[in-house]
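In: sequence plus predicted model, see below.
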Amino acid sequence: MPTLQTHAPRRTFVKRFIGGLVISATVLSNIACAGGATEEWPSWRGPNETGESSAINLVSDWAIDGDNLIWQQAFVGRSTPAVFDGRVCANGRQGNGMTKQAVVACWDAGDGTPLWERTFNVYHTTVPFSRVGWASVIGDPETGYLYHHGVDGLLIALDREGNTVWEWRLGEDTGRASGYGGRTQNPVIDGTQLILSNIGANWGEHGAPRHRFWSFDKLTGEVLWNSLPGNRPWADANTQGTPVVAEIDGRRLLIAGAADGWVYAMDVGTGDLVWEFELSKRGINVTPVVVGTTVYIAHSEENIDNASMGRVVAIEGTGSGNITSSGEIWQANALGIGFSSPLYHDNILYVVDNSSKLIALDASTGAELEQLNVGTVGKSSPVWADDKVYYTEVNGRVYILEVGPSALSILDTEEIQVPGEERHAEIYGSPAIAYERIYISTEAGIFCIGDPGASYSGEGLPILQTASSTENREPSRLQVIPAELIVKAGEEISFEVRAFDADGNQLGPQDNASWLLDGLSGTIDDAGTFRPAAGENQAGKVTAELGNLSAEARVRSFAPLPWATNFESGQKPNWWMGGGRFQVQELDGGMVLNKSRSPVGLNRHVIYMGPSSMTGYTVQADIMGARRRRTRPDLGLINGGYTLDLQGGYNRLEVRAWAAELRMMQRVPFEWREDKWYTMKLTVEVGPDRTLVYGKVWERGTEEPEEWTISAEDPMRISSGSPGIYGYSPVDIFFDNVQVMENQ
């Protein structure tokens, strides 16, 4: 379950409609009554997820030294800001050495006055400091909430004052993976849902590493559904594509490119697969844009049917099933559009390749119309507003382009430098257009660009509402809410059943379902209230049945400490998160946990054994590593955000939190032998102003030493985290007698 703090929504609006929009006379009247209200930019591709703004009166030039620069604030950003509710908000990084952290901040959109700032420790990741802040924040105009997805798997909802509403540690609680590349998916909001995708290995039947899509209740953080649309192994775990939501042929779809090289369209209310399209032999990083029933998307990897690299496609989005052959409208080959998302305007599709070349394509045929070089590294996405294209390039350049009747041309170029370092400021985020101003987040600060003499209104346009009649609709799909959760043994949890028709329209709660438990001990009543059995850890399903329909929720229940696992049952605990490569085997007359060299992929794996909210405990296990020639493994334990790692290649013991930065790392020499059992112990004590980490290793069967082998102090204080085990296994590693107990 998410860590939840209740806050009332700031204000109530109607739900935004994305897709083929029909504006009624009533809506037009409401917009007219909005007075000085202007369009906002709450998510990275704008209010309609297309990269297009209706703003007018935007400037055609500006200068760092003052011309048309309304305000600037110091900040180290990497992604697109969210501008809504009179605020501009962004995430990034701050600190040096021991104090390196992620940061989320908001400023007054009018004059740049700082409103609030939150910092977050980064841990359990190999993403380096320079890539922190990769995913863009997203704002919700209905509630005033801001949502942040960190490189280490922190997903957090913040209210208008920056207070935590709810949060998940996705790595520890859902198995989300985090690798060196740092590419992190942006969330998207649709109605009451916050939808996010990631790659990881969950528990039970979801244990295979796959690209999954998750829907959370944006107010509470409860999981509404999670979807594995293709169930294919990922081709590239380091992907960043963002889903978009569009209504096509009367059905509301979530459309995204995935790490397996396919494009998927899912029912946005349930995550059910509607259609799939094979595009690339590698993962897809580009976010699609949808116009009517046409889906435009691109990649820069190897194509599935020829030797060329890169392709832009137009897909007819009304199909079902595998539409790789039937759904393609056109393709443009050998265009390396690997990161920048397409921009559509007036039947022209604008794309930026990896070398920052802006290419205009005929949106009906894919024929190339023109090109323009705008820098050398293309990562951000172009934005259309006021008959101009605004574009940022990685090497600190901000372009304003004129779109003439026959050619693209550059109106203005400004190059941003890092103060005092005589180098360009990296810009990975795209421009955000709101309140007739341009907002840009860079390595050298947040910039607000516009006419300083123009009137300003920090009020956004009303959010448009659509409604579909569900009268006399028959249920064809059930959903149990919450769909995935963590509970305490003996704690009551109430489930709700929702029904959907064949077009994905929600029909509302269903009160007459029957309930079953699968793999869980405990009781559940007719109202769907479940009380797991006390005194044991367990994982299983709660199933609801209504007529010939059924749906299930996945539950992990944890008892109070102590816990102990010796593997003599021949099975590893099914509530452990991740660890599909770990297997139980017989060794020397007993059963132990083993991980061998991975046949493909990485040899470095972790298992999380409990919720991320745990604190004040000790982890202990017996460990052993093999050897092949000069190759030796690493073995370790995880406790409260910290890792104790016995490193075979270096004959040393290490304590760390953030593997890429080692900001609080401590090391001591430790000679150990292969094929010999040792006992390892890790204790973490969280204090009011620091965290103390203690580790021991000694030969199994000998008396435990009184002194700690290694200790570390962290003034940045990680306050909680799941217990776990860690291993790097180019050769076999073994674990036995795993214990988690309260600190003494």
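Out: Structure received.
In: quick one: Pro482 and Glu552 touch, right?
Out: No - using C-beta atoms under 8 Å as the test, Pro482 is too far from Glu552 to be in contact (11.5 Å). Heads up, the C-betas are built off the backbone N, CA and C, glycines and all.
In: who's more crowded, these two?
Out: Pro482 (25 against 17; other C-beta atoms under 10 Å).
In: any idea how far Ser494 is from that one?
Out: 9 Å (C-beta to C-beta, to the nearest Å).
In: which stretches of the stretch 151-300 of the chain form strands?
Out: Ranges of strands in the stretch 151-300 of the chain, per DSSP state E, counting those that start in this stretch, are 154-158, 164-169, 188-190, 193-200, 210-217, 223-227, 244-248, 251-257, 262-267, 273-278, 289-291, 294-302.
In: for the fourth one, C-alpha coordinates in PDB please.
Out: Right, the one you point to is strand 193-200. Extracted C-alpha coordinates of strand 193-200, given in PDB (Å, rounded to 0.1, in the frame of the first residue of the first chain):
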ATOM      1  CA  GLN A 193      -6.200   7.900 -12.700                       C
ATOM      2  CA  LEU A 194      -2.400   8.500 -12.600                       C
ATOM      3  CA  ILE A 195      -0.900   6.100 -15.100                       C
ATOM      4  CA  LEU A 196       2.700   5.100 -15.200                       C
ATOM      5  CA  SER A 197       4.800   2.400 -16.900                       C
ATOM      6  CA  ASN A 198       8.000   0.800 -15.800                       C
ATOM      7  CA  ILE A 199      10.100  -2.300 -16.300                       C
ATOM      8  CA  GLY A 200      10.600  -4.800 -13.500                       C
END
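In: nearest to Ala626, out of the strands of the stretch 151-300 of the chain?
Out: Of all these, strand 193-200 sits nearest to Ala626, with 27.7 Å by C-beta to C-beta.
In: tell me the buried residues in that closest one?
Out: By neighbour count on 16 or more other C-beta atoms under 10 Å, the buried set for strand 193-200 is 193-200.
In: grab the nearest non-local neighbour of the most centrally placed residue in the chain.
Out: The residue lying closest to the centre of the chain (C-alpha atoms, centre = their mean) is Gln185, at 4.3 Å. Spatially, and ignoring its direct neighbours in sequence, Gln185 is nearest to Ser197 (5.1 Å; C-beta to C-beta, 6 or more residues apart in numbering).
In: residue contacts, the one you found?
Out: Shown in contact with Ser197 (C-beta atoms under 8 Å, 6 or more residues apart in numbering): 185, 211-214, 241, 243, 256, 258.
In: repeat that for 7 Å
Out: For Ser197, the contacting residues are 185, 211-213, 243, 256, by C-beta atoms under 7 Å, 6 or more residues apart in numbering.
In: before we move on, what about Gly97?
Out: Counting by C-beta under 7 Å, 6+ apart, Gly97 touches Arg663.
In: in this structure Glu742 contacts Met614, no?
Out: No - using C-beta atoms under 7 Å, Glu742 is not in contact with Met614; the gap is 10.3 Å.
In: and the two? which has more neighbours close in?
Out: Set side by side, Glu742 and Met614 show more neighbours around Met614, with 19 against 10, by other C-beta under 10 Å.
In: state the pLDDT value of the more buried one.
Out: Note for Met614: predicted pLDDT of 99.
In: element containing it, please.
Out: Applying DSSP states H and E as the criterion places Met614 outside every helix and strand.
In: that one and Gln185, how far apart?
Out: Taken as C-beta to C-beta, the span from Met614 to Gln185 is 26 Å.
In: how about low-confidence regions in this structure?
Out: By pLDDT under 70, the low-scoring segments of the chain are 1, 3-36, 463-472.
In: tell me the domain ranges of it?
Out: Domain assignment for the chain by automatic domain parsing gives 3-449, 477-558, 563-742.
In: okay if I get the ones you listed as JSON lines plus distance to Leu461?
Out: Converted to JSON lines, the domains of the chain look like this (distance: least, C-beta to C-beta, whole Å):
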{"stretch": "domain 3-449", "distance to Leu461": "5"}
{"stretch": "domain 477-558", "distance to Leu461": "26"}
{"stretch": "domain 563-742", "distance to Leu461": "39"}
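In: pick the most buried one from those domains.
Out: For those, the largest average neighbour count (mean count of other C-beta atoms under 10 Å) is found in domain 3-449, namely a mean of 20.
In: find the nearest non-adjacent residue to Thr376, please.
Out: Per C-beta to C-beta, 6+ apart, closest to Thr376 is Ser356, 5.5 Å.
In: show me what contacts that neighbour?
Out: Taking C-beta under 7 Å, 6+ apart, one finds 374-378, 393 in contact with Ser356.
In: over to Gly579?
Out: Here Gly579 is in contact with 572, 605, 607 (criterion: C-beta under 7 Å, 6+ apart).
In: with Asn303 instead?
Out: 280, 311, 333.
In: picking up where we left off before, for the contacts of Ser356, which two are the farthest from each other?
Out: Val374 and Val377 (10.4 Å).
In: what sits in contact with each of those two?
Out: 356, 393.
In: thought Gly519 was touching Val542?
Out: No - Gly519 is beyond contact range of Val542, at 9.8 Å (criterion: C-beta under 7 Å).
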